[in-house]
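1. structure for this input, please:
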Amino acid sequence: MPTHRMCRRPAGAAVALLLAAAPLLPACSSSPPTHRTVTVTTFNVVWSDPVSSSQVASERETSMEAIGADGSTVYPGTTTGPGTWAIAGVPVGPYTLHVTWTNGLSLYFQSSADVFDLGGDGSPAVINPASFGTLASFSWTSLRPWDPATDQIQIYSYDALVWDLFDPWLPAGATSGGTDYDWGTYYQNLLEPNHTLYAAQMRSAPVGAAGDIASTAVASASLTGAYLVNGGLTYLPPMTFSPPPATGTLRARWNASAFDQAVPGAHQTFGYRLQVASQPPPSAVSPYQYLVLLGVTAPSGALLADRDDGTISYGRIAPPNWTEFVTASFYTIRIRAAPGARVATEFRCGAWIYAPIGAVPDPIAPAVSSVQAIKVGGKDALAVQAGVGTGPVVAWAAPAVGTPTSVHVEIRELDPAGNRYMSTLIATFVTTGSAVKIPAGLLQAGRWYVAVLTTVSSPADRPNTAPYRRGLPWSKVTVVTEVFTP
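-> Coordinates of the predicted model:
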């Protein structure tokens, strides 16, 4: 039979006399809990076209544990059902959540929350890559009179993760035609009958005084119900194009000095890009696949400079219930190589902005710059370093511009064979602080590594409770250290 602790509560004046002769009981007291069970959920919200969503439990996590504030005490977690984990006995206060994925990747999140959400938002995870030899035969009607010098075709399917921009061979002035598109060679995924494929006739024209080029949709079409034969030729149903049902405008002005300050030393533009885009999810913009309504690019190799392309009109060809947003980016390439490596590895560093169409900064500029004075094991991380130890601290100073809401640190191992572009992600860290400690033993003697640091600024950023739930606006800047070895 349960027992109940009795305690004395303060009495009101009306009952004070009744209690005066009673035995005095101890006063009520309550001690705050010193330990708790941390609950971790891994449900992904999967968005589809037309706009709808469902929850799917992630299956990529193989283990979870909480590391105490002392950095050494480990509290193991157990799965309590699909998409849910429990870590018992964690002291109240800060801890580091350590998650291991099926591919061996380790993830570390600094938190103090009782409930931690590891889920994300995005497109369906199940995709079907097309094999080589998969061809789709397009047939288009009611195009705007074709101009081979300025026109291209964009294709997009959110559910199939399909996107491309290509030049079909059509004669000048044509309003109908088609092409056989090599679905397999361009690494596209197969269309299923429930997928909608969008096509847009994109037309480019110069804008501004700096020689920038703007491309926007002048006609579009869509089809649903197509099924591609993997490894064979599929004749798709004809697609009838029509003018955009509405138009929008964008004030396109860049603050070049802000971008240059965000990524110090990046004086040459390898990837200047400004886009108006759209996709089904209402707020969690995917940085990978979206329907482009307007694209503005700078001439190849153009030096970073203030740019004013004026107010640009574009065709609104996406379904009206999709999310329309602006993405702006500037990046440069950093070359890193282990001493003696045959070929160097390239890393993309730069600034990226995602903003709702009605809240684009004018001029366009990142909300935060990169972290500064990065050190690994107490040594300058912008110089090649040996002897940093097998469990060094990666530390940095605050950005010169803006206040970050989180800093993401990736530890990547360079390919021992020195293959271009190749590096292996072995661990990621998410923090709101100014340092992370690499667990002892993660770095191996004789191997070379870099740290990639991404500074994030967003009112929707929740690094301590839900690091993969994203919203608009979102601004980030990425830099990479020089190589280091234990």
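
2. may I have stretch 406-415 as CSV, with CA atoms only?
-> Presented in CSV, the C-alpha positions along stretch 406-415 are these (Å, rounded to 0.1, in the frame of the first residue of the first chain):
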residue,chain,number,x,y,z
SER,A,406,25.1,27.8,-33.7
VAL,A,407,28.5,26.6,-35.0
HIS,A,408,28.7,23.2,-36.8
VAL,A,409,32.1,21.6,-36.9
GLU,A,410,32.9,18.7,-39.3
ILE,A,411,36.1,16.6,-38.9
ARG,A,412,37.1,15.2,-42.3
GLU,A,413,39.9,12.8,-43.1
LEU,A,414,41.8,13.4,-46.4
ASP,A,415,41.9,10.5,-48.8
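
3. what lies in contact with it?
-> Stretch 406-415 has contacts (C-beta atoms under 8 Å, 6 or more residues apart in numbering) with 336-338, 341, 345, 371, 394, 396, 422-434, 436, 438, 442-443, 447-456, 461, 463, 467, 483. For glycine as for every other residue, the C-beta is placed from the backbone atoms N, C-alpha and C.

4. make a PyMOL selection of the buried ones in those.
-> Remark: buried members of those, expressed as a PyMOL selection using 16 or more other C-beta atoms under 10 Å:
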select buried, resi 336+337+338+341+345+371+394+396+423+426+427+428+429+430+431+436+438+442+443+448+449+450+451+452+453+454+455+456+461+463+467+483
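
5. let me know the next secondary structure element after the worst-scoring helix or strand of the chain on mean pLDDT.
-> Within the chain, no helix or strand scores below helix 16-20, which has a mean of 31 by mean pLDDT, DSSP states H and E. Heading C-terminal from helix 16-20, the first helix or strand you meet, by DSSP states H and E, is strand 35-41.

6. list the buried residues in that following strand.
-> Residues of strand 35-41 classed as buried: 38-41 (neighbour count, 16+ other C-beta under 10 Å).

7. just stretch 209-223 next, same as before
-> Using 16+ other C-beta under 10 Å as the test for burial, stretch 209-223 gives 210, 212-223.

8. now do stretch 448-468, average pLDDT.
-> Per-residue pLDDT over stretch 448-468 has a mean of 95.

9. again, but for stretch 165-174
-> pLDDT averaged over stretch 165-174 gives 95.

10. got the buried residues for it?
-> With burial defined by 16+ other C-beta under 10 Å, the residues of stretch 165-174 counted as buried are 168, 170, 174.

11. list the contacts of the second one.
-> I take that to be residue 170. Residue 170 neighbours (C-beta under 8 Å, 6+ apart): 143, 146, 148, 151, 177, 179.

12. separate out the buried members of those residues.
-> 143, 146, 151, 179.

13. can you list the residues you listed in CSV and add distance to residue 308, secondary structure and pLDDT?
-> Below are those laid out as CSV (distance: C-beta to C-beta, whole Å; DSSP: H, G, I helix; E, B strand; the rest coil; pLDDT from 0 to 100):
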residue, distance to residue 308, secondary structure, pLDDT
143, 32, coil, 98
146, 31, coil, 98
151, 26, strand, 98
179, 37, strand, 94
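
14. return the closest of those residues with respect to residue 57.
-> Ranked by distance to residue 57 (C-beta to C-beta), the buried ones among the contacts of residue 170 are led by residue 179 at 41.4 Å.

15. how about the nearest residue to that closest one, chain neighbours excluded?
-> residue 168 (3.9 Å; C-beta to C-beta, 6 or more residues apart in numbering).

16. which helix or strand contains that neighbour?
-> Going by DSSP H and E, residue 168 is not part of any helix or strand.

17. can you check the one 5 residues further on too?
-> Assessed by DSSP H and E, residue 173 sits outside every helix and strand.

18. ok, now which ones touch the nearest residue to it once chain neighbours are set aside?
-> Distances taken as C-beta to C-beta, 6+ apart place residue 145 nearest to residue 173, at 4.9 Å, with adjacent residues excluded. For residue 145, the contacting residues are 172-175, by C-beta under 8 Å, 6+ apart.

19. neighbours around residue 260, how many?
-> For residue 260, the neighbour count with other C-beta atoms under 10 Å is 17.

20. hang on, residue 212 packs against residue 297?
-> Yes: judged on C-beta atoms under 8 Å, residue 212 makes contact with residue 297 at a distance of 6.7 Å.

21. all helices for the stretch 151-300 of the chain, in order.
-> For the stretch 151-300 of the chain, helices defined by DSSP state H, counting those that start in this stretch occupy the ranges 256-262.

22. residue ranges with poor pLDDT in the protein?
-> 1-30, 124-127, 187, 264-271, 282-288, 300-304, 417-421 (pLDDT under 70).

23. ends of stretch 392-406, what's the gap?
-> One end of stretch 392-406 sits 20 Å from the other (C-alpha to C-alpha, to the nearest Å).

24. stretch 86-96 now?
-> Taking C-alpha to C-alpha as the measure, stretch 86-96 stretches 14 Å from start to finish.

25. residues of that stretch that come out buried?
-> Residues of stretch 86-96 classed as buried by neighbour count (16+ other C-beta under 10 Å): 87, 90-91, 95-96.

26. partner strands of the helix or strand hosting residue 349, with direction?
-> Per DSSP H and E: residue 349 is located in strand 345-356. With DSSP bridges as the test, strand 345-356 is paired with strand 323-336 (antiparallel), strand 474-480 (antiparallel).
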